[in-house]
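Enquirer: sequence unavailable; structure follows:
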């Protein structure tokens, strides 16, 4: 019976934590040690990947629950507590290792596992954040625990929704569509007119190097304090990545393919729409994915330099001054979720539009 090294390390840490519980008298932590020890019994090949994964999943999360409950007791921050935190993390690592090594012919199961692994990793980062911050007694003004941030989110939904509308639904989406669309059109013009490639690309490179903190105040002066000035900043940030990637993508088609289109008497625009733009789609979607995060960053930073009394950037800068760090983290969490969802949507569209690409062949 062979064991993974993560299981051995988790067992060693759990037994060390149990010994520290006996010496320190923190009886509330004994259940955590026993749960981890029993859980690691499942981390053996004789149970099979599926059975071991279910057992480890149940055990590590039960141990995490007991650890979080123990935070209100005197045992929080004791040597036994930290040993069991480390043992729980290694056990969770073993679970992720199990899932990553699991092989199945079921396409739906493979997709589910690919989704579960990053979710588990993210959940355990939050669990460790909660345990370390509260166990070490970190002041909330420096770093609030996730539970305090979640409580702030639940109690500030109307404010967060208004900020989300102002920043994301207005500034980000408008600037993203205008910046990416204009970058695509200009890239086609650059490809059509060689003079523009030699003259416009260097200028575009210079514009892309302009710092946001220098551009944002100018955009506020030009377009006012409302969302159009933030959308203008987003346009500047998203235009050049789309331009460069599209120009590179339009050159990706092979000489043989272009010669074949020429033998069919295809003109420039027929070749562009039937050959070169489809070949450039992976490059275009790369730019769209990059810009999905740049747009949100640009809009939030631009709001630091002038905005109505609403918006993610306005709320972050204001609440930092008031030392309401939990509200700042609530805005950060909303921005992270919005940016991740936006990126995921673009990636899903990319997979649908470029199903023929070798990277998606199974």
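Expert: Here it is on my side, so go on. All of these numbers come straight from a predicted model, not from anything done at the bench.
Enquirer: in three-state terms, label residue 115 for me.
Expert: Here residue 115 takes the helix state, with states given by DSSP: H, G, I helix; E, B strand; the rest coil.
Enquirer: how much space between it and residue 21?
Expert: Taking C-beta to C-beta, to the nearest Å as the measure, residue 115 falls 37 Å from residue 21. Yep, even glycine has a C-beta here, placed from its N, CA and C like the rest.
Enquirer: and the two? Which one has more around it.
Expert: Using other C-beta atoms under 10 Å as the criterion, residue 115 and residue 21 rank with residue 21 on top: 25 against 10.
Enquirer: surely the more buried one meets residue 27?
Expert: Yes. The pair residue 21 / residue 27 is scored as a contact, 7.0 Å apart, by C-beta atoms under 8 Å.
Enquirer: ok, residue 311 - contacts?
Expert: Residue 311 makes contacts with 163, 166-167, 171, 227, 230, 300, 303, as judged by C-beta atoms under 8 Å, 6 or more residues apart in numbering.
Enquirer: distance check, it against residue 71.
Expert: Residue 311 is 35 Å from residue 71, by C-beta to C-beta.
Enquirer: tell me the SS of the closest residue to residue 30 other than its chain neighbours?
Expert: Excluding the flanking residues, the one nearest residue 30 by C-beta to C-beta, 6 or more residues apart in numbering is residue 21, at 5.1 Å. What three-state DSSP gives for residue 21 is helix.
Enquirer: pLDDT score for residue 21?
Expert: On pLDDT, residue 21 comes in at 82.
Enquirer: for residue 14, see how far away it is.
Expert: 10 Å.
Enquirer: and for residue 7?
Expert: 10 Å.
Enquirer: ok, residue 148 next?
Expert: Applying C-beta to C-beta, one obtains 29 Å for the distance of residue 148 from residue 14.
Enquirer: who has more neighbours out of these two?
Expert: residue 14 (27 against 18).
Enquirer: could you find the closest non-adjacent residue to residue 71?
Expert: residue 134 (4.8 Å).
Enquirer: so how far is the helix or strand hosting that neighbour from its chain's centroid?
Expert: Here residue 134 sits within helix 107-135, counting by DSSP states H and E. How far helix 107-135 lies from its chain's middle: 13 Å, per C-alpha atoms, centre = their mean, to the nearest Å.
Enquirer: same for that helix, what does it pack against?
Expert: Contacts defined by 3 or more C-beta pairs under 8 Å, 6 or more residues apart in numbering; DSSP states H and E place helix 107-135 against helix 48-69, helix 79-101, helix 146-155.
Enquirer: tell me which residues of the helix or strand hosting residue 269 are tucked away?
Expert: In the assignment (DSSP H and E), residue 269 maps to helix 268-271. For helix 268-271, burial by neighbour count (16 or more other C-beta atoms under 10 Å) applies to residue 271.
Enquirer: which is the next helix or strand following that helix?
Expert: Downstream of helix 268-271 (by DSSP H and E), the next one is helix 277-302.
Enquirer: following that next one, which helix or strand comes up?
Expert: Counting by DSSP H and E, the next helix or strand C-terminal to helix 277-302 is helix 312-321.
Enquirer: so what touches that next one?
Expert: Here helix 312-321 makes contact (C-beta under 8 Å, 6+ apart) with 159, 163-164, 166-168, 299-304, 307-308, 325, 327-328, 331-332, 334-335.
Enquirer: give me the mean pLDDT for the helix or strand following it.
Expert: The C-terminal neighbour of helix 312-321 among helices and strands, as given by DSSP H and E, is helix 325-353. For helix 325-353, mean pLDDT rounds to 91.
Enquirer: quick check: buried residues in helix 325-353?
Expert: For helix 325-353, by 16+ other C-beta under 10 Å, it's 325-331, 333-335, 338-339, 342-343, 346, 350.
Enquirer: and that helix, how far from the chain's centre?
Expert: That offset, for helix 325-353, works out to 7 Å (C-alpha atoms, centre = their mean).
Enquirer: find the residues that touch each one of residue 21 and residue 14.
Expert: Residues within reach of residue 21 and of residue 14 at once, by C-beta under 8 Å, 6+ apart, are residue 33.
Enquirer: residue 172 reaches residue 297, doesn't it?
Expert: No. Residue 172 is not in contact with residue 297 according to C-beta under 8 Å; the separation is 9.6 Å.
Enquirer: where does pLDDT dip in the protein?
Expert: 1-4, 42-52, 73-75, 104-106, 254, 259, 357-362 (pLDDT under 70).
Enquirer: wait, a strand at residue 252?
Expert: No. Counting by three-state DSSP, residue 252 falls outside a strand, being coil.
Enquirer: roughly how far apart are the closest residue to it other than its chain neighbours and residue 7?
Expert: In this structure, residue 252 finds its nearest non-sequential neighbour in residue 279, 5.0 Å apart by C-beta to C-beta, 6+ apart. From residue 279 across to residue 7, the span is 48 Å (C-beta to C-beta).
Enquirer: more neighbours: those two, which one.
Expert: Higher neighbour count among residue 279 and residue 7: residue 7, with 24 against 17, using other C-beta under 10 Å.
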